[in-house]
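J.: mind folding the following:
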Amino acid sequence: MKKIIALVVLIVIAVVGWVVGKPYYDLHFSAGDRSQDYVLYIPTGSDVAAVSTIIDEDIMAKDKFLSFAEKLDYTDDKVEPGKYLIGSTLKNKEIIYALKNGNQEINDISITFNNCLSIEDMAGKVAPNIEADSAEIVDYIMDPATIDKYGFKEETMIAMFLPDTYEVGEWDMTAEEFVSFMAEKFKEFWSAEGTGRGSQLAELNLSQSEVSTLASIIESEQGVFQQEWGTIAGLYLNRVKGNWLLQSDPTAKYCWGDELKDVQRLLTVHMKKDCPYNTYLYPGLPPGPIRMPSKKAIDAVLNAESHDYYYMCAKPDNSGLHNFANTLTEHNRNARLFHQWMDSRN
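T.: Numbering: from 1, shown residues only. Below is the predicted model of the structure:
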């Protein structure tokens, strides 16, 4: 009888030990069965219940997470938005503390945007790396209040965003924070010591937006051989100073939107579309950039070559380079040779 009682007592002790000890062990010592690291995205405004649905079942079961969160005082007001790395060896307690204290938050977020034709294009490249989605970014940028705040116009707002790779820090960046960040980078670019951009701007007698506008045309005209940018910049500046028509094909093509997206050779009819960006119809620079110009293209304008060229025409050799001329007669000869070459290819 005593043996039976002793056995029952041992069983009771074992059961109580399991009931009491298992949760304690799970919380303080268990890392679950994770075989890999996980990345969690916790949006701004999340509460503990929301976090429990974000956490993958392979990291921690929802009921366990809620129980452990309560035990460790992880409450709604302590939920920090961000991008978190949950290592495969972290104990359950460490995961809760990591979310509570932010010590596993990833703070080396970078964004890259290059070769952007529009603000929408840029937003699509930025959004995957920060919390704000592309629609929020575009809507905030194009809000009249935002445009006015930074001293731009709707047509020139694109000039504030300089293509590059930037370290932004944390993932939970709003559209407003992103635009503020880019405004600072814009100021840094134009005021950087040793570049002479300020004095060059004054010498050209152009605004920053006008330089960006011309840079966007140059980059559209010559997207392969940057060594021509300085020459093309000087050519267009000669025309601007003389109040000439720039007669830039990319500006005429821009007026047609996506309709001429894949068209390489423009026809006379394409040059006749009435649009303020069409430099075949309106002299001087168009209202704003026709694409998001690179920093190199902007510097090419600021360091434009001084020469007497007023005309350019693609070379008849498929090289992608141009023949430049200072007289219409010389240009017409270059154009005739190019068109003869094009016709021979067809």
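
J.: pLDDT below threshold where in this structure?
T.: The model of the chain has pLDDT under 70 over residues 1-34.

J.: for it, which segments are assigned as helices?
T.: Taking DSSP state H as the test, the helices found in the chain are 2-28, 48-54, 62-71, 92-101, 119-126, 134-141, 144-149, 175-191, 197-204, 208-221, 229-241, 249-254, 295-302, 328-345.

J.: which of those sits most buried?
T.: Across the helices of the chain, the average number of neighbours (mean count of other C-beta atoms under 10 Å) peaks for helix 208-221, which reaches a mean of 24. All C-beta atoms are positioned from the backbone trio N, CA, C, and that covers glycine.

J.: other SSEs contacting it?
T.: helix 197-204, helix 229-241, helix 249-254, helix 295-302 (3 or more C-beta pairs under 8 Å, 6 or more residues apart in numbering; DSSP states H and E).

J.: mind putting those in a markdown table, distance to Asp262 included?
T.: Output for the helices and strands packed on helix 208-221, formatted as a markdown table (distance: least, C-beta to C-beta, whole Å):
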| stretch | distance to Asp262 |
| --- | --- |
| helix 197-204 | 35 |
| helix 229-241 | 23 |
| helix 249-254 | 11 |
| helix 295-302 | 23 |
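
J.: off-centre distance for stretch 331-346?
T.: The chain centroid and the centroid of stretch 331-346 are separated by 40 Å under C-alpha atoms, centre = their mean, to the nearest Å.

J.: now stretch 232-243
T.: With C-alpha atoms, centre = their mean, you get 31 Å for stretch 232-243.

J.: one step back: nearest to Ala135 among the helices and strands packed on helix 208-221 would be which one?
T.: When these are ranked by proximity to Ala135, the top entry is helix 249-254, at 23.6 Å, counting by C-beta to C-beta.

J.: quick one: residues in contact with that closest one.
T.: Helix 249-254 has contacts (C-beta atoms under 8 Å, 6 or more residues apart in numbering) with 217, 220-221, 260, 263, 266, 270-271, 273, 275, 277-280, 286, 290.

J.: may I see the PyMOL selection of the buried members of the residues you listed?
T.: Those of the contacts of helix 249-254 that count as buried under 16 or more other C-beta atoms under 10 Å are selected in PyMOL with:
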select buried, resi 217+220+221+260+270+271+273+275+277+278+279+280+286+290
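
J.: still on that earlier bit, looking at the helices and strands packed on helix 208-221, which is closest to Val179?
T.: Distance to Val179, taken as C-beta to C-beta, is lowest for helix 295-302 among the helices and strands packed on helix 208-221, at 18.4 Å.

J.: mind giving me the packing neighbours of that closest one?
T.: If contacts are counted by 3+ C-beta pairs under 8 Å, 6+ apart, helix 295-302 sits against helix 197-204, helix 208-221, helix 229-241.

J.: for Leu302, which of those is the nearest?
T.: Comparison of the helices and strands packed on helix 295-302 against Leu302 by C-beta to C-beta identifies helix 197-204 as nearest, at 4.1 Å.

J.: need the helices of the chain in a markdown table (columns: distance to Lys78).
T.: Shown next, in a markdown table, are these (distance: least, C-beta to C-beta, whole Å):
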| stretch | distance to Lys78 |
| --- | --- |
| helix 2-28 | 17 |
| helix 48-54 | 8 |
| helix 62-71 | 9 |
| helix 92-101 | 5 |
| helix 119-126 | 29 |
| helix 134-141 | 26 |
| helix 144-149 | 32 |
| helix 175-191 | 22 |
| helix 197-204 | 46 |
| helix 208-221 | 44 |
| helix 229-241 | 53 |
| helix 249-254 | 51 |
| helix 295-302 | 42 |
| helix 328-345 | 68 |
